[in-house]
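[1] Structure of the sequence below:
(4 chains)
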Number of protein chains: 4
Amino acid sequence: MNRVFLLLSVFVAAALLAMTGAKPIRIVFFGDSITQAGIKPGGYIDRLKQRLPADQYELVGAGIGGNKVYDLYLRLEDDVLAQKPDVVLVYIGVNDVWHKSSHGTGTDPDKFVKFYEAIIKKLRAANTRIILCTPAVIGEKTDFTNAQDGDLNAYSQLIRDLATRQNLPLCDLRKAFLEYNLKNNPTNKDQGILTTDRVHLNDTGNQFVADQMLPLLTAAK
Amino acid sequence: MNRVFLLLSVFVAAALLAMTGAKPIRIVFFGDSITQAGIKPGGYIDRLKQRLPADQYELVGAGIGGNKVYDLYLRLEDDVLAQKPDVVLVYIGVNDVWHKSSHGTGTDPDKFVKFYEAIIKKLRAANTRIILCTPAVIGEKTDFTNAQDGDLNAYSQLIRDLATRQNLPLCDLRKAFLEYNLKNNPTNKDQGILTTDRVHLNDTGNQFVADQMLPLLTAAK
Amino acid sequence: MNRVFLLLSVFVAAALLAMTGAKPIRIVFFGDSITQAGIKPGGYIDRLKQRLPADQYELVGAGIGGNKVYDLYLRLEDDVLAQKPDVVLVYIGVNDVWHKSSHGTGTDPDKFVKFYEAIIKKLRAANTRIILCTPAVIGEKTDFTNAQDGDLNAYSQLIRDLATRQNLPLCDLRKAFLEYNLKNNPTNKDQGILTTDRVHLNDTGNQFVADQMLPLLTAAK
Amino acid sequence: MNRVFLLLSVFVAAALLAMTGAKPIRIVFFGDSITQAGIKPGGYIDRLKQRLPADQYELVGAGIGGNKVYDLYLRLEDDVLAQKPDVVLVYIGVNDVWHKSSHGTGTDPDKFVKFYEAIIKKLRAANTRIILCTPAVIGEKTDFTNAQDGDLNAYSQLIRDLATRQNLPLCDLRKAFLEYNLKNNPTNKDQGILTTDRVHLNDTGNQFVADQMLPLLTAAK
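    Residues are numbered from 1 along each chain as shown, chains lettered A, B, ... in the order given. Got it, this is the predicted structure:
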């Protein structure tokens, strides 16, 4: 009798453990206005929620408009680590490049890397898995005449190098957007293919970003 | 006999305590290239060392060229808190303004305040006394035609407001430099009065800054 | 008979003289969006029209939004000289300063003077009287913290020096606006005193500019 | 007698023809510091002089450091038309792009076209043949990460469109430099392939530019 009870107890414990194991992984999307818009209905985070079972994935938005890499660093504890995330997807860089010419307050490339590394270091210290993204576009022209193309390529390369050096998965949106536009923007439009305004995502853009991120999120599980 | 011994013990203890009390207070100068140059012979930190008894004051330089407020925030733990300072004198802001036009990588005023507050918060948490400084000059012309005059005034005012709100002592170098130049720069020179190059201090400038800081440092003891 | 003829001759001559005398002097206002808005009802050019007899003064607007000094030079023949003006009032400089930080396409101070001198040279060659104006404001704060205050002061000084060197009348709007604001902007507002948006004139501003220009226009007759 | 006279006439005519034919065509190189350096020994204009017979080609440098398109327009009469050139080669655009970020005083694309068209109009009115050049490089990296790549491509495209619209020969240095670097800069260097400093030409660069221009100059004869 005692043995049977013991066996039963083991089974129940295992079942409970399994249920505990079913606790969804928490993924925080950490970024700027693009991320901030991503949680709205039809946004890419919203679309990912449709695709990923809620009992397995909890997706949390942590995007604030106008953020640059050092803004992420400043609010890392409060807005990300406090949520005890399993995975953090960092999507930053557009404003670091763009605000150079629009406000005179962009980010120098060496500082960009320094702050990005500091973010990664803190996330690693908290045992968080990390996914990096390259900044997609500022302007969708396909003849390489968007004013920030060179700089966006440079900062994207800095992020790719970081991913390699730190052995982190990369969602290379810059590359994916360029390839998509080369195929789907034959008339060299400035916007309206994947963005509404050269930077922020339209419906197609949100779906496209969700598609790019999906395999990295399932792989992160 | 016992009484004499007791009395003697008290004296010895008091003497030891006095010696302990003689441990100098450690003051860290936290800033950019102006601070970095301040520790050189003839620099204002070097000049302050001549004026303040070494057994009472230990002055430590923590300036790095090109630093803006967020750079200070990034290296606060390693370069300042690790030294267990009693007092930290924060002298930042020139590059936050200047790099807007020279590199497109200055600091937005709201972010300037945000990072400055974050620095103060961490220093307070470490029980460190704090002295704020306003950024002195970018150009010494006295007819208010230095290109960054307006912006430097604005950021200086942000720092003054911070000092008031946070009840912190302020070394108002911006104000002091303007007053000095109005008296001593009758021919409206761009540089050469207190600076060598519109920004960095010449001998007179180093002495002048030392003179401005001295009463605040002795008061901080 | 002879007497009658003589009398008639005198009458005819007087009539001709009157007709000649009645020809109004033509004043062209040459500038940017501030001038462009000046011809609208309630604008300063419109207000000046109310004050100056139409049989003596013909006021013509030649302002185009976004113009800098070199844009004026480019369209000087077509838009100004073609009108055979007696007087040209040049009001330029705001965009030369402002577009440095907003678009990266401002005007270097030495080039500003060079193009301004080239404009004056061509106007003089066409026997046109010239009135110069200093650029009034980009922001109306009175504590000297408008970001472009230093640069606006510098470019205004360049124009004052030009007026002195070339012996030309000057409408010093920069000086007049500062004085007005120091008296009438006690709460250090950024806009709303003489401007609607830190740059363009509200009703009070249009009246104020008309008041500043009026004595120079009547003196030019 | 008649025969002798005829023979003499033929000789005289031939001599006159020879004299007329011997008058070299005058080619003015109109541009910025790159053109200014081109007339130095080893510069591309100097190299072209070695290649083109002096009795047939007179090459004149008219480059001034820091020039943008509107500076060329300002000094067109004095520095170019006064020389009564047969051909003018216009090589401008680097500073129009570069000074946006370095000085805040670049040139807006619409203004760039406007001034370029005004230059062409005046040159055409003087019956001058015109050759356009695209601005070569600001940085020689081949992975499209030079910060101004996008903008340089955009301004080069504006010039290509101008050449097409106005039916003018084009020396497409931008295209030629990119192709050369893709082949000859395998390690993605920033400078040192065709330039000494990312912008100005080294020996190879001067020879390369001379090679690109040569066929257009001989065709212009």
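[2] The most centrally placed residue in chain A and chain C, how far apart?
    Taking C-alpha atoms, centre = their mean, the centroid of chain A lies closest to residue A:89, which sits 3.7 Å from it. As for residue A:89, its distance to chain C is 33 Å (criterion: C-beta to the nearest C-beta, to the nearest Å). Glycine gets a C-beta too; all of them are placed from N, C-alpha and C.
[3] Start from the N-terminal end of chain A and give the helices.
    Secondary structure of chain A by DSSP state H: the helices cover A:2-21, A:33-38, A:44-51, A:69-74, A:76-79, A:94-102, A:109-125, A:149-166, A:173-184, A:203-220.
[4] could I get those helices as CSV with mean pLDDT and mean neighbour count?
    Formatted as CSV, those follow (pLDDT from 0 to 100; neighbours: other C-beta atoms under 10 Å in any protein chain shown):
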stretch, mean pLDDT, mean neighbour count
helix A:2-21, 54, 9
helix A:33-38, 98, 22
helix A:44-51, 98, 18
helix A:69-74, 98, 23
helix A:76-79, 98, 14
helix A:94-102, 96, 23
helix A:109-125, 98, 18
helix A:149-166, 97, 21
helix A:173-184, 97, 18
helix A:203-220, 96, 18
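[5] among these, which is nearest residue B:94?
    helix A:109-125 (16.2 Å; C-beta to C-beta).
[6] circling back to that earlier point, quick one: residues contacting the closest residue to the residue nearest to the centre of chain A other than its chain neighbours.
    In space, and not counting its chain neighbours, residue A:89 is closest to residue A:131: 4.4 Å by C-beta to C-beta, 6 or more residues apart in numbering or on different chains. For residue A:131, the contact set (C-beta atoms under 8 Å, 6 or more residues apart in numbering or on different chains) comprises A:87-90, A:168-171, A:213, A:216-217, A:220.
[7] From chain D, how far off is residue A:131?
    Separation of residue A:131 from chain D (C-beta to the nearest C-beta) stands at 23 Å.
[8] And for residue A:24?
    For residue A:24, the distance to chain D - C-beta to the nearest C-beta - is 39 Å.
[9] surely that residue meets residue A:55?
    Yes: contact criterion C-beta atoms under 8 Å: residue A:24 and residue A:55 qualify, at 5.9 Å.
[10] And those two? Which one has more around it.
    residue A:24 (15 against 9; other C-beta atoms under 10 Å in any protein chain shown).
[11] Now do the more buried one against chain B, distance only.
    Separation of residue A:24 from chain B (C-beta to the nearest C-beta) stands at 32 Å.
[12] Give me the pLDDT value at that residue.
    pLDDT recorded at residue A:24 is 95.
[13] which residue packs closest to it, ignoring adjacent ones?
    Leaving aside its chain neighbours, residue A:24 sits nearest to residue A:58 (4.5 Å; criterion: C-beta to C-beta, 6+ apart).
[14] need the residues of chain A near chain C, please.
    Neighbours of chain C within chain A, by C-beta under 8 Å from any C-beta of the partner chain: A:101, A:103-104.
[15] which among those residues gets closest to chain B?
    Using C-beta to the nearest C-beta, residue A:104 comes nearest to chain B of those, at 3.5 Å.
[16] shouldn't the closest one be in contact with residue C:103?
    No: look at residue A:104 against residue C:103 with C-beta under 8 Å: they stay out of range, at 10.9 Å.
[17] what would the helices of chain A look like in JSON lines with distance to chain D?
    Shown next, in JSON lines, are the helices of chain A (distance: least, C-beta to the nearest C-beta, whole Å):
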{"stretch": "helix A:2-21", "distance to chain D": "45"}
{"stretch": "helix A:33-38", "distance to chain D": "20"}
{"stretch": "helix A:44-51", "distance to chain D": "25"}
{"stretch": "helix A:69-74", "distance to chain D": "17"}
{"stretch": "helix A:76-79", "distance to chain D": "28"}
{"stretch": "helix A:94-102", "distance to chain D": "7"}
{"stretch": "helix A:109-125", "distance to chain D": "9"}
{"stretch": "helix A:149-166", "distance to chain D": "3"}
{"stretch": "helix A:173-184", "distance to chain D": "10"}
{"stretch": "helix A:203-220", "distance to chain D": "20"}
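[18] how much space is there between the residue nearest to the centre of chain A and chain D?
    In terms of C-beta to the nearest C-beta, residue A:89 sits 24 Å off from chain D.
[19] show me the contacts for that residue.
    Neighbouring residues of residue A:89 by C-beta under 8 Å, 6+ apart: A:27-30, A:130-131, A:133, A:171, A:213, A:216-217.
[20] From the residues you listed, pick the one nearest residue C:81.
    Ranked by distance to residue C:81 (C-beta to C-beta), these are led by residue A:133 at 56.8 Å.
[21] how about the residues of chain A near chain B?
    Residues of chain A lying near chain B by C-beta under 8 Å from any C-beta: A:70-71, A:73-74, A:99-101, A:103-108, A:111, A:114-115, A:118.
[22] If anything else comes up later, I'll come back, but that's it for now.
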